[in-house]
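A.B. asks: Here is a sequence with its predicted model. Questions after.
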Amino acid sequence: MNFKKHIPNSITCCNLISGCIATSFAFTGDTTLALAFVILGAVFDFFDGMVARLLHVSSPIGKELDSLADDITFGLAPSTMVFFELYSLDYPSFLEPLRDILPFFAFVMAAFSALRLAKFNLDERQSTGFIGLPTPANALFWGSLLVYGHGWFENQHGGVILLLLLIVLSCYLLVAEIPMFALKFKHWGWKGNELKYGFVGLSVVLLAIFGLLEAWWIVIACYVIVSVFANRVRRA
């Protein structure tokens, strides 16, 4: 039996399990641990495809399993974190009758994450970059934002409205026809990788200044802005 072919799928399953654990912590309101397991899932997600290519054991089932795991870790887990946050906030008087309904709107983001993953599997344009916001980036944004900004949302009268607007924005970015660069290196030289190395350097600085868990929402916001700007420069 060729055991090598099972290694990438085992790593993908570790991603899925990390997402399940993250979701369980999210339901209890432990955003910090939920984000930690989302980050762990992202590490597994980074390595499963790399290992499959190195061992020459890529398979259609691995691709489908990867999308399923990603929707749990980067779709359901962050949606659950937002769900709990929406339940715990004070509501403006005109939204108070919807308190028991509006938190479920967070799970629309999980549906859009699944849609984005399905499109990615079929879209041949995304071999070297992305069209729309990758689900891991969206999950890191939300997890970090809720760890960093939980108190801020609690103290703002419009915190609920801002969260709802951010959910809509996230859903749009996940499926938008906006080219975004990927940190995929065909070679390690500077020429041709200036944008990637520059963004990696910026990310390291932000993580060092603001913290490993707290800074990701800033990093992802910069990623979207830099991608949009770079695309406009390229098209100019």
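C.D. replies: Ah, there it is. Treat the numbers as computed from the prediction; the structure is a model and nothing was measured.

A.B. asks: And the lengthiest helix in the chain, what's buried?
C.D. replies: Using DSSP state H to define each element, the chain has its longest helix at helix 31-55. Across helix 31-55, burial judged by 16 or more other CB atoms under 10 Å covers 31, 34-42, 44-45, 47-49, 51-52. To be clear about C-beta, it is placed using only N, CA and C from the backbone, and glycine gets the same treatment.

A.B. asks: Which secondary structure elements does the helix or strand just after it sit against?
C.D. replies: Once helix 31-55 ends, the next helix or strand along the chain (criterion: DSSP states H and E) is helix 60-71. Helix 60-71 sits against helix 6-27, helix 31-55, helix 108-122, helix 135-155, with contacts defined as 3 or more CB pairs under 8 Å, 6 or more residues apart in numbering; DSSP states H and E.

A.B. asks: please redo it, this time with the cut-off set to 6 Å
C.D. replies: helix 6-27, helix 108-122 (3 or more CB pairs under 6 Å, 6 or more residues apart in numbering; DSSP states H and E).

A.B. asks: picking up where we left off before, now do the longest helix of the chain against helix 6-27, angle only.
C.D. replies: When axes from the mean of the first three to the mean of the last three CA atoms, to 10 degrees is applied, the directions of helix 31-55 and helix 6-27 differ by 170 degrees.

A.B. asks: All further residue positions should be reported with the first residue as 38.
C.D. replies: Done: numbering now begins at 38, and the last item shifts to helix 68-92.

A.B. asks: now stretch 256-270, how far from the chain's geometric center?
C.D. replies: 16 Å (CA atoms, centre = their mean, to the nearest Å).

A.B. asks: what residues does that stretch touch?
C.D. replies: With contacts defined as CB atoms under 6 Å, 6 or more residues apart in numbering, stretch 256-270 is touched by Ala174, Leu177, Phe178, Pro216, Met217, Phe218, Leu232, Ser240, Leu243.

A.B. asks: Are any of the residues you listed buried, and if so which?
C.D. replies: Neighbour counting with 16+ other CB under 10 Å marks Ala174, Leu177, Phe178, Pro216, Met217, Phe218, Ser240, Leu243 as buried within these.

A.B. asks: now could you export just the CA positions of stretch 127-137 as PDB?
C.D. replies: Provided in PDB are the C-alpha atoms of stretch 127-137 (Å, rounded to 0.1, in the frame of the first residue of the first chain):
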ATOM      1  CA  ASP A 127     -26.200  46.000  23.200                       C
ATOM      2  CA  TYR A 128     -28.700  46.700  20.400                       C
ATOM      3  CA  PRO A 129     -30.100  50.100  19.300                       C
ATOM      4  CA  SER A 130     -33.700  50.400  20.300                       C
ATOM      5  CA  PHE A 131     -35.000  50.100  16.700                       C
ATOM      6  CA  LEU A 132     -33.100  46.800  16.300                       C
ATOM      7  CA  GLU A 133     -33.900  45.300  19.700                       C
ATOM      8  CA  PRO A 134     -36.900  43.300  18.400                       C
ATOM      9  CA  LEU A 135     -34.500  41.500  16.100                       C
ATOM     10  CA  ARG A 136     -32.000  40.600  18.800                       C
ATOM     11  CA  ASP A 137     -32.800  36.900  18.500                       C
END
